[in-house]
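Enquirer: Fold the stuff below for me.
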Amino acid sequence: MSLPRRAVIAAVAAATLATTGCGTHAEPASVPAVTSSWTPPPGLSGQLTLYSANPQDLTDDLLAGFTRASGVKVHVVNGETGKITAILDKEGPQPQADVVYLASWTPAAEYDLQGRTLPYTPHGADRVHDGWIGKDHGFIGRDGSALTMVVNSKASPRLPNDWADLAAPEFHGRVIMPDPRESGTARDLLAAMVSAWGKDRTWAMFDALFDNGMVVRGGNGPALDQVTAGAYAVVLGGVDYAAYDAAAKGVPLRVISPSSGTVITPRPVFILNTTRNPAAAKALVDYMFTPEAQQITAAHKMIPARTDVPVAPGTRSYDEVKQLPFSWDQVKGNGTGILTEFTQRYLS
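Expert: Coordinates of the predicted model:
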């Protein structure tokens, strides 16, 4: 466990219920009522604890539907991916969570390699995007977000076309990036860039960006807040759903997919093999992949895992986003090392 993650453990443990997940919406999204057709297995009882690094309002809507259908109550601990993994690492072999719902692929893969996940294939997994199921089904992506350039059109000198454009002189001191030590999606983006381009090209681009005054600060939510307020003009690697949500409320934000490609990062869910209620934990994961639960995801402007559930109007679908040429196995293999190198190069 790295030092930045140790440093946040005490604060997170004291304030987990007050902490919001990665890129939480400023206000609850308007989610249409969905009539559940899901039938839970008989005999469910007790309660569950979910650690979630996803928007709190999305998590709340999903769990409300699950509890209505199953009668199982779910206690939620919200936080950004780095904070959730800090709690899990501190708890070690005796975690309090039954189910974990992260915003980054890499730590889910790490926990799977450590033998901490309970392999499970939820109903509907056959309709999930290619590559979104972990090896041996220890974890699975249940929704996703495209990592983009989120631009405040009133604060930006122009609309960029690609990542490298943000190193131009007119963007000096105008760009902010979520901190990959806190933001799982930023961590995945770095690993994907290195996988697709190699270290030389990737670090050359970031050298130019940092020489041009780019700052790294907080998670996706705080970074977007800075751009929304006009303190910065562009978020590099901003999650698309939060920007779409803010734009729908009248904020002058543009979501731009870089011409050289980006990442749609799947947000994985997995059951810990220490769960005290495996039947209910499996039922919760099953519910998360039902069409109605995936429709709730779409209403929150995320990309559903299921290919048969459309995205919300006005948002880009999975096939409309140009992605970098990489595999999630590559990200799993190099994610931790790339984060360490990025931190040493730019944040030390």
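Enquirer: Could you list every helix and strand in contact with the host helix or strand of residue 336?
Expert: Applying DSSP states H and E as the criterion places residue 336 in helix 328-342. If contacts are counted by 3 or more CB pairs under 8 Å, 6 or more residues apart in numbering; DSSP states H and E, helix 328-342 sits against helix 105-113, helix 184-197. Bear in mind the C-beta positions are built from the backbone N, C-alpha and C, glycine included.
Enquirer: Pull out the buried residues from that helix.
Expert: Using 16 or more other CB atoms under 10 Å as the test for burial, helix 328-342 gives 328, 331-332, 334-336, 338-339, 341-342.
Enquirer: right, and out of the residues you listed, which lies closest to residue 170?
Expert: Of all these, residue 170 sits closest to residue 342, with 25.2 Å by CB to CB.
Enquirer: For burial, what's the neighbour tally of the nearest residue to the closest one once chain neighbours are set aside?
Expert: Nearest non-adjacent residue to residue 342, counting by CB to CB, 6 or more residues apart in numbering: residue 190, 5.7 Å away. Close neighbours of residue 190, defined as other CB atoms under 10 Å, add up to 24.
Enquirer: Does residue 190 touch residue 178 like I think?
Expert: No - counting by CB atoms under 8 Å, residue 190 stays clear of residue 178, with 10.7 Å between them.
Enquirer: Stretch 280-293 - what's its average pLDDT?
Expert: Stretch 280-293 carries an average pLDDT of 97.
Enquirer: what about the protein, any weak spots by pLDDT?
Expert: The model of the chain has pLDDT under 70 over residues 1-36.
Enquirer: Tell me how far the residue lying closest to residue 215 once chain neighbours are set aside lies from residue 345.
Expert: Closest residue in space to residue 215, ignoring its immediate chain neighbours: residue 176 at 5.3 Å, by CB to CB, 6+ apart. Separation of residue 176 from residue 345 (CB to CB, to the nearest Å): 18 Å.
Enquirer: Which one's more surrounded, the two?
Expert: Ranked by neighbour count (other CB under 10 Å), residue 176 and residue 345 place residue 176 first, with 26 against 12.
Enquirer: from the middle of its chain, how far away would the host helix or strand of the more buried one be?
Expert: Element membership of residue 176, judged by DSSP H and E, is strand 175-177. Taking CA atoms, centre = their mean, to the nearest Å, the mean C-alpha location of strand 175-177 is offset from the chain mean by 18 Å.
Enquirer: can you give me the strands in the stretch 101-250 of the chain?
Expert: Using DSSP state E, counting those that start in this stretch, the strands found in the stretch 101-250 of the chain span residues 140-152, 175-177, 215-216, 234-239.
Enquirer: Is it possible to get a markdown table of those that adds distance to residue 130?
Expert: A markdown table is the format used below for these (distance: least, CB to CB, whole Å):
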| stretch | distance to residue 130 |
| --- | --- |
| strand 140-152 | 11 |
| strand 175-177 | 28 |
| strand 215-216 | 32 |
| strand 234-239 | 21 |
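Enquirer: and among those, the most buried is which?
Expert: strand 234-239 (a mean of 28; mean count of other CB atoms under 10 Å).
Enquirer: Neighbouring strands of that strand in the sheet, and parallel or not?
Expert: strand 140-152 (antiparallel), strand 175-177 (parallel) (DSSP bridges).
Enquirer: Specify the stretch among those strands that is closest to residue 242.
Expert: For residue 242, the closest of the strands paired with strand 234-239 is strand 140-152, at 8.0 Å, according to CB to CB.
Enquirer: What angle do helix 105-113 and the closest one make with each other?
Expert: 160 degrees (axes from the mean of the first three to the mean of the last three CA atoms, to 10 degrees).
Enquirer: Pull the CA coordinates from strand 140-152 and hand them back as PDB.
Expert: Extracted in PDB, the C-alpha atoms of strand 140-152 (Å, rounded to 0.1, in the frame of the first residue of the first chain):
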ATOM      1  CA  ILE A 140     -17.100  -7.700 -13.700                       C
ATOM      2  CA  GLY A 141     -17.800  -4.200 -15.000                       C
ATOM      3  CA  ARG A 142     -21.400  -3.100 -14.400                       C
ATOM      4  CA  ASP A 143     -21.200   0.400 -16.000                       C
ATOM      5  CA  GLY A 144     -18.700   2.700 -17.500                       C
ATOM      6  CA  SER A 145     -17.700   6.200 -18.300                       C
ATOM      7  CA  ALA A 146     -15.600   7.700 -21.100                       C
ATOM      8  CA  LEU A 147     -12.600   9.800 -20.000                       C
ATOM      9  CA  THR A 148     -12.700  13.000 -21.900                       C
ATOM     10  CA  MET A 149     -11.700  16.600 -22.100                       C
ATOM     11  CA  VAL A 150     -14.400  18.500 -20.300                       C
ATOM     12  CA  VAL A 151     -14.200  22.100 -21.400                       C
ATOM     13  CA  ASN A 152     -15.800  25.200 -19.900                       C
END
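Enquirer: thought residue 157 was touching residue 172?
Expert: No - when contacts are counted by CB under 8 Å, residue 157 is not listed as touching residue 172 (9.7 Å).
Enquirer: hey, where'd the helices end up in this structure?
Expert: 3-15, 56-70, 81-91, 105-113, 184-197, 199-211, 220-228, 240-248, 278-288, 291-299, 328-342 (DSSP state H).
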